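K.L.:
Here's my sequence, what's the structure:
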Amino acid sequence: MKVVIIGGGWSGCAAAITAKKAGAEVYLYEKTDMILGLGNIGGIMRNNGRFTAAEEIIALGAGDLIGLTDANSTHRNIEFPGHNHAWLYNVNKIEPAVKNHLINMGINLNLIARVIDVKKHKDKIEGIYLSNGDYVDGDVFIETTGSTGPMGNCLRYGNGCSMCVLRCPAFGPRVSLSSRAGVEDLQGEREDDVLGAFSGSCKLCKESISKEILDELEETGVAVLKVPNEDINLDKLKIKVCQQYALKEFAENVILLDTGHVKLMTSYYPLEKLRKIKGLENAKYIDPYAGGKGNSIRYLSVAPRTDDMKVKGIDNLFCAGEKSGLFVGHTEAICTGSLAGHNAVRCALGMPLLILPKATAIGDIIAYANYKLATKEGRRKRYTFAGAEYFNRMKELGLYTIDVEEIKKRISKLNLSGIMSEKLI
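P.N.:
Down below sits the predicted model:
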């Protein structure tokens, strides 16, 4: 059995791992020269409800990527406004670690391999076409192409291409394969009826900030710097994709995290204003390079799906990550990708597909985000274990806990322990 995955971000890698564990031959295609995509600039794990979800996916048998981020975390259990017990992995070390893990598992990894179209017969995909003219067939397909870019979207809905880590000018634009297969994409919105939303953070060069701030960052993982009163702008919180950071504290302060680089927790910040803050007089952006003006635009390509991660209208196409809903975060991508990879193999075998119960945080967010996507109000929201509307829901339903044994028992009671590590072929 051949499972073909398009997109090598967190969700694509997670899907590859569970499909391989289930016994399939797995081929992963990534358009750039690195896997992990936005994972190369992220770095935040286990904060708030993401701790619960991380332990759930471990108990379900798909904790490989959580283990790798844990092993590459420089700071553990740190606190910053609105967020508890966060772990920060080093963005400069994580990609080779994940790449080696996939290769050692026997996953066929294809880099600088941009997929541009599909071959379809009736309601089934038979294969994919690459930009170099190659054709690849398969039994079942998983699209994890994300929702960011191409450049035209950043120009139309943002402040122009900021040359972010996705590097569309160099490696080509994202293509929606579900759309190419005849399934109409859904799109996220902002409060003012503008489509999409800005990515939520920028990176600063460590050498460009003061020694005092750098020492604090490297010792504690976080630094909170007061914004001058004349530069406080509460309206900017509305444009962020990451609504868990749409807190007053993120407008009144510059919040920095140590993820190997200096992670600046705002979509963009004018460089001259940033340099007014003590210790940042020589600050320099390293991603996005136009972080003083803009960032990438996301949530313009979501496939309609069922709660087993199958794309509606196509018999053998699954989706995960931001392609599968208005999700925010690495943990969310890993969880949706793991389910998609496992179910892809079940689908090809003619087995019933796994839908995770709403008694789990993962099952509940997958179902809840899907339900909310059907409404205009829901398309203005973002869904994450880490904050905003969904984290509140987690707490109300009693799904949030940091008790690892309680989480293991939760999965065990549902007879789901290790289910995503079972060999099906």
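K.L.:
Export the lowest-mean-pLDDT helix or strand in the chain to CSV, keeping only CA atoms.
P.N.:
Lowest by mean pLDDT, DSSP states H and E among the helices and strands of the chain is helix 249-252, with a mean of 80. Output of helix 249-252 as CSV, limited to C-alpha atoms (Å, rounded to 0.1, in the frame of the first residue of the first chain):
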residue,chain,number,x,y,z
GLU,A,249,-0.5,42.6,27.8
PHE,A,250,0.7,41.8,24.3
ALA,A,251,-0.1,45.4,23.2
GLU,A,252,1.3,47.1,26.3
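K.L.:
And the contacts of it?
P.N.:
Residues outside helix 249-252 that contact it (C-beta atoms under 8 Å, 6 or more residues apart in numbering): 81-82, 224, 226-227, 232-234, 236-237, 255, 265-266. From N, CA and C alone the C-beta is placed, and that goes for glycine too.
K.L.:
and it, how far out from the chain's middle?
P.N.:
Distance of helix 249-252 from its chain centroid, counting by C-alpha atoms, centre = their mean, to the nearest Å, is 24 Å.
K.L.:
export the contacts of helix 249-252 to JSON lines and tack on pLDDT and secondary structure?
P.N.:
As requested, these are arranged in JSON lines below (pLDDT from 0 to 100; DSSP: H, G, I helix; E, B strand; the rest coil):
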{"residue": "81", "pLDDT": "89", "secondary structure": "coil"}
{"residue": "82", "pLDDT": "89", "secondary structure": "coil"}
{"residue": "224", "pLDDT": "95", "secondary structure": "strand"}
{"residue": "226", "pLDDT": "93", "secondary structure": "strand"}
{"residue": "227", "pLDDT": "91", "secondary structure": "coil"}
{"residue": "232", "pLDDT": "76", "secondary structure": "coil"}
{"residue": "233", "pLDDT": "73", "secondary structure": "coil"}
{"residue": "234", "pLDDT": "70", "secondary structure": "helix"}
{"residue": "236", "pLDDT": "63", "secondary structure": "helix"}
{"residue": "237", "pLDDT": "60", "secondary structure": "helix"}
{"residue": "255", "pLDDT": "93", "secondary structure": "strand"}
{"residue": "265", "pLDDT": "92", "secondary structure": "coil"}
{"residue": "266", "pLDDT": "90", "secondary structure": "coil"}
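K.L.:
now these in CSV, with distance to residue 418 and neighbour count?
P.N.:
What follows is the contacts of helix 249-252, written out as CSV (distance: C-beta to C-beta, whole Å; neighbours: other C-beta atoms under 10 Å):
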residue, distance to residue 418, neighbour count
81, 37, 15
82, 34, 19
224, 41, 15
226, 49, 11
227, 48, 19
232, 50, 13
233, 49, 13
234, 47, 11
236, 44, 16
237, 41, 17
255, 38, 22
265, 36, 24
266, 41, 25
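K.L.:
Tell me which two in those are the farthest apart.
P.N.:
The most widely separated members of the contacts of helix 249-252, counting by C-beta to C-beta, are 82 and 233 (18.2 Å).
K.L.:
could you say what helices and strands the top helix by length along the chain packs with?
P.N.:
For the chain, the helix with the greatest residue count under DSSP state H is helix 330-349. With contacts taken as 3 or more C-beta pairs under 8 Å, 6 or more residues apart in numbering; DSSP states H and E, helix 330-349 sits against strand 2-6, helix 10-21, strand 44-45, helix 50-59, helix 64-71, strand 140-143, strand 317-319, helix 361-372.
K.L.:
If we use 7 Å, what do you get?
P.N.:
helix 10-21, helix 50-59, strand 140-143, strand 317-319 (3 or more C-beta pairs under 7 Å, 6 or more residues apart in numbering; DSSP states H and E).
K.L.:
Between those, which one is closest to residue 127.
P.N.:
strand 140-143 (8.7 Å).
K.L.:
Quick one: mean pLDDT for the helix or strand just after the closest one?
P.N.:
Downstream of strand 140-143, the next assigned helix or strand under DSSP states H and E is helix 151-157. The average pLDDT within helix 151-157 is 93.
K.L.:
Below-threshold pLDDT in this protein: ranges please.
P.N.:
236-247 (pLDDT under 70).
K.L.:
domain ranges for it?
P.N.:
The chain resolves into domains spanning 2-193+297-421, 198-287 when parsed by automatic domain parsing.
K.L.:
Mean neighbour count, the ones you listed: which tops it?
P.N.:
domain 2-193+297-421 (a mean of 21; mean count of other C-beta atoms under 10 Å).
K.L.:
measure it end to end?
P.N.:
In domain 2-193+297-421, first residue to last residue: 18 Å (C-alpha to C-alpha, to the nearest Å).
K.L.:
ditto for stretch 374-389
P.N.:
With C-alpha to C-alpha, one end of stretch 374-389 sits 16 Å from the other.
K.L.:
residues making contact with it?
P.N.:
47-50, 52-53, 82-83, 188-191, 241-244, 325-329, 331-332, 361, 365, 368-369, 372-373, 390-391, 394 (C-beta atoms under 7 Å, 6 or more residues apart in numbering).
K.L.:
rerun that using 6 Å as the cut-off
P.N.:
47-50, 53, 82, 188-189, 243-244, 326-329, 365, 369, 372, 390 (C-beta atoms under 6 Å, 6 or more residues apart in numbering).
K.L.:
Figure out how far it is from the centre of its chain.
P.N.:
15 Å.
K.L.:
Kindly report the same for stretch 58-66.
P.N.:
16 Å.
K.L.:
residue contacts, the nearest residue to residue 36 once chain neighbours are set aside?
P.N.:
Leaving aside its sequence neighbours, residue 36 sits nearest to residue 95 (C-beta to C-beta, 6 or more residues apart in numbering; 5.0 Å). Under the criterion of C-beta under 6 Å, 6+ apart, the neighbours of residue 95 are 34, 36, 40.
K.L.:
quick check, the first one in a strand?
P.N.:
No: with DSSP: H, G, I helix; E, B strand; the rest coil as the criterion, residue 34 is assigned coil and is not in a strand.
K.L.:
Excluding chain neighbours, what is closest to it?
P.N.:
residue 95 (5.4 Å).
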